[in-house]
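K.L.:
fold the stuff below for me.
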Amino acid sequence: MLLYWSENLSDRQKSIFMLIGAVVISVSGNILRNALLTFFHGTGKEGLFVWLHDAWGGDLYSLFMLGGIVLLLKVMDRLDSQSESELDEEESAPVGEEDYTIMSEQ
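P.N.:
Modelled structure (predicted):
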């Protein structure tokens, strides 16, 4: 849905990069969450375990993961706009004298 809403669904490269990034963020987040749950359960901190597992700590975890994916999309958009502006500058650059002499000799 995020690709559709941000109008990036038609850009194959951005779509693939964002989906791969979302998988990496999700897997990394789940590893961290499970490590914290194991630590809380193993050290007897049942209150923190229940908070992260059953209470609104899980919602907060989901919010941070979604925020990471949105941030990834914003970074991709910014890098894409920078590369487009660099291409525009190269295309609009005037032809130098050395380029002109090479062109006139042909």
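K.L.:
now the helices for the protein?
P.N.:
Remark: helices assigned in the chain by DSSP state H are 2-5, 12-42, 46-53, 56-92, 97-105.
K.L.:
count of neighbours near residue 40?
P.N.:
19 (other CB atoms under 10 Å). Bear in mind the C-beta positions are built from the backbone N, C-alpha and C, glycine included.
K.L.:
how about residue 73?
P.N.:
20.
K.L.:
where's it relative to residue 51, distance?
P.N.:
Look at residue 73 and residue 51: by CB to CB, to the nearest Å, they are 29 Å apart.
K.L.:
determine which stretch of the helices of the chain is the most buried.
P.N.:
Scoring those by mean neighbour count under mean count of other CB atoms under 10 Å gives helix 46-53 as the most buried, with a mean of 15.
K.L.:
could you say what helices and strands that one packs with?
P.N.:
helix 12-42, helix 56-92 (3 or more CB pairs under 8 Å, 6 or more residues apart in numbering; DSSP states H and E).
K.L.:
closest to residue 4 out of these?
P.N.:
Closest of the helices and strands packed on helix 46-53 to residue 4 is helix 12-42, at 10.0 Å (criterion: CB to CB).
K.L.:
switch the helices of the chain over to a markdown table; also include mean pLDDT.
P.N.:
Shown next, in a markdown table, are the helices of the chain (pLDDT from 0 to 100):
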| stretch | mean pLDDT |
| --- | --- |
| helix 2-5 | 80 |
| helix 12-42 | 93 |
| helix 46-53 | 92 |
| helix 56-92 | 83 |
| helix 97-105 | 53 |
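K.L.:
quick one: contacts for residue 57?
P.N.:
Taking CB atoms under 8 Å, 6 or more residues apart in numbering as the criterion, residue 57 is in contact with 48, 51.
K.L.:
for residue 14, give me its contacts.
P.N.:
Here residue 14 is in contact with 3, 8, 76, 80 (criterion: CB under 8 Å, 6+ apart).
K.L.:
now do the same contact list for residue 53.
P.N.:
Contacts of residue 53 by CB under 8 Å, 6+ apart are residue 37.
K.L.:
from residue 41, how far off is it?
P.N.:
For residue 53, the distance to residue 41 - CB to CB - is 9 Å.
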